[in-house]
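Undergrad: sequence first, then the predicted structure, then my questions.
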Amino acid sequence: MKDKTKLILAGMIPFIAMFLVLPGVVLAFVINGESLGISTSGFGYQRDFRIRNDFEDASANNNTVEEAMFPGAVGAPLAIWRGANAWNSQNPRAAQNFDFDYQGLSTTSSGNENVVEGGYDSSGCGGSTLAFAELPSRNGWRIRFCEAWQWSDGPGSPAGSQVDIRGVAVHEFGHVLGLGHTTVGGCNSGTCDTRPTMCAMACSNETAARTIETDDQNGLNAIYGSIPSDKPVLTSLGGSTNIGGTLFLEGSAFGTQSFRVKFTTGTSSDFNPSGTVTVTPETTELARLTVPSSAETGNVLIWKHNTPRRLSNYLPITIGPTLSSDCYGQKAGTPTPGTNGSPTFDLLFGPSVTGNQFTEVQATGFQPNKTGFLLVSLTQSTVTWKSNTNLNVGFPLVIPLTVISSDSNGEVNLPFAILDAPDFFGTIFWLQLLIRDDAGVDGFATTEALGVELCDDMIP
């Protein structure tokens, strides 16, 4: 049998809290002995969670407005995901070495799948129990919301006798990550706005439990520690978020070892997470990968699965359809190496752009802060220029020679306007970049040629 922890609806009814007192010390937060791991052995990866949305109340799923940080989620799933986020490292109130991993919706309620289940009406519910977490959590866990209550998904305050899904979720997530009911004095004397989330009782109609307080943060720190310097941090995504596209991860503390990039997939972890791609970072601040076919709209994280094991914060990601190879482009010719090796091209797909509509072209691998030229032609042909510099586009050029510059990272980003004219459908434009380079042949480094075909499904 799994131990159960319960959250009791208290309204504003006074209650008596018990304190454990040592000589000169009053303990506040309580640790229940649990810890959610991210290893590839033992109890395995336990930060992921799925949601079984069986809430029966209309008020539990009437919020249909998506939020940028929680793509693809509305109603109760959005409220629950936001509840998990209260404990994550990028949340200023938490700011510790802990992160949950949203893995979408589930049709099962298996305890080893780390499921949050709504509309539960069997053993464990009754009396004034709102929800409970089944422990131990380190080898699979489950949170169950009791059906007897009328649930509210927000984002506003619950009305009448409704109970806030998000606030209760924050409390129950606290249990599975290793916190018991706190014994801090504010639980029976403080106001709803300042009481720790891990108090055993909740104020009725409250939303204050949606955020954690100092006592909750201290308990989180006691289990997982503060953010270490080698914890990877994701700051932005670039490139394509389409299946089969090239995705760029930008941030810090990526290290030099290969790591796994973890996507939302909506499937069971079974202690061996799917939806991961093994990547060797190009720098400590940049990595690129191909978006896998298993990826779904949700979140993406970096998982350092080697020692020391670390999990990054998450970034939201909206996954697009599989790229059409006919419209994606092709490369030809031979680059001319420079200081940082052979520069290369990639097509970038904006996060608000659907299908195969790319927004710009990026080239990487140049010497930083150097000027050069963009060549655009309707033909591809490789010839030698000067002593041994490769020109990979044919002549004449269809636009005049254009001066461009590499940035401080040795990258060049080129907006590429798609002409909304059927006469251009099927036309291939060939692009090449030549950038000055102190170590390059003839003083230049060049990309291969990138052929971009204009297709009718690129047009917005």
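TA: Arrived safely. Numbers count the residues shown, from 1 in each chain.
Undergrad: what are the bridge partners for S226, then?
TA: Assessed by DSSP bridges, S226 has beta-bridge partners Q96.
Undergrad: same check, this time on V452
TA: F429.
Undergrad: so how many other residues sit close to it?
TA: Applying other Cβ atoms under 10 Å, we find 22 residues neighbouring V452. Using the backbone N, CA and C atoms, a C-beta is placed for each residue, glycine as well.
Undergrad: quick check, it in contact with V376.
TA: No - using Cβ atoms under 8 Å, V452 is not in contact with V376, being 9.7 Å away.
Undergrad: mind listing the shared neighbours of these two?
TA: Counting by Cβ atoms under 8 Å, 6 or more residues apart in numbering, the shared contacts of V452 and V376 are F429, W430, L431.
Undergrad: can you give the domain ranges for the chain?
TA: 3-224, 233-317, 325-458 (automatic domain parsing).
Undergrad: helices of this protein, start to end?
TA: Using DSSP state H, the helices of the chain run over residues 75-85, 165-176, 186-189, 214-224, 325-328.
Undergrad: per-residue pLDDT, D326?
TA: In this model, D326 is scored at 49, pLDDT.
Undergrad: remind me which residues of the stretch 1-150 of the chain are low pLDDT?
TA: Applying pLDDT under 70 to the stretch 1-150 of the chain flags residues 1-27.
Undergrad: can I get stretch 227-235 in PDB, CA atoms only?
TA: The C-alpha coordinates for stretch 227-235 follow below in PDB (Å, rounded to 0.1, in the frame of the first residue of the first chain):
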ATOM      1  CA  ILE A 227      21.100  26.100  -8.600                       C
ATOM      2  CA  PRO A 228      24.700  24.800  -9.300                       C
ATOM      3  CA  SER A 229      27.000  26.500 -11.800                       C
ATOM      4  CA  ASP A 230      26.900  23.400 -14.000                       C
ATOM      5  CA  LYS A 231      23.100  23.300 -14.300                       C
ATOM      6  CA  PRO A 232      22.300  23.900 -18.000                       C
ATOM      7  CA  VAL A 233      20.200  27.000 -18.600                       C
ATOM      8  CA  LEU A 234      18.000  27.300 -21.700                       C
ATOM      9  CA  THR A 235      17.400  30.900 -22.800                       C
END
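Undergrad: what average pLDDT does it get?
TA: 97.
Undergrad: give me the nearest residue to F49, chain neighbours excluded.
TA: Using Cβ to Cβ, 6 or more residues apart in numbering and skipping the chain neighbours, the partner closest in space to F49 is N114 (4.6 Å).
Undergrad: and stretch 233-252, which residues are buried?
TA: 233-234, 237-251 (16 or more other Cβ atoms under 10 Å).
Undergrad: what is the end-to-end distance of stretch 364-381?
TA: 22 Å (Cα to Cα, to the nearest Å).
Undergrad: I misspoke; the intended subject was stretch 106-121.
TA: Termini of stretch 106-121 sit 18 Å apart (Cα to Cα).
Undergrad: ok, now stretch 193-211?
TA: Terminal residues of stretch 193-211 lie 9 Å apart, using Cα to Cα.
Undergrad: same deal with stretch 369-385?
TA: Start and end residues of stretch 369-385 are separated by 23 Å (Cα to Cα).
Undergrad: any residues touching that stretch, and which ones?
TA: Contacts with stretch 369-385, where a contact means Cβ under 8 Å, 6+ apart, come from 332-334, 366, 390-399, 401-408, 414, 427-437, 442, 444, 449, 451.
Undergrad: 7 Å instead, please
TA: 332-334, 390-395, 397-399, 401-406, 408, 414, 429-437, 449, 451 (Cβ atoms under 7 Å, 6 or more residues apart in numbering).
Undergrad: buried sites along that stretch?
TA: Buried residues in stretch 369-385, counting neighbours by 16+ other Cβ under 10 Å, are found at K370, G372, F373, L374, L375, V376, S377, Q380.
Undergrad: and stretch 61-70, by the same measure?
TA: Judged by neighbour count using 16+ other Cβ under 10 Å, the buried positions of stretch 61-70 are N61, N63, F70.
Undergrad: which ones are touching the first one?
TA: Contact partners of N61, counting by Cβ under 7 Å, 6+ apart, are F55, G75, A76, D153.
Undergrad: test my guess that A86 contacts T211.
TA: Yes - A86 is in contact with T211 according to Cβ atoms under 7 Å; the separation is 6.0 Å.
Undergrad: strands of the stretch 351-460 of the chain, start to end?
TA: 360-364, 371-377, 380-385, 389-393, 402-405, 412-415, 428-436, 444-446, 449-453 (DSSP state E, counting those that start in this stretch).
Undergrad: from the chain's centre, how far out does the shortest one sit?
TA: Okay, so that is strand 444-446. Taking Cα atoms, centre = their mean, to the nearest Å, one finds the center of strand 444-446 at 36 Å from the center of the full chain.
Undergrad: fine, thanks again, bye for now.
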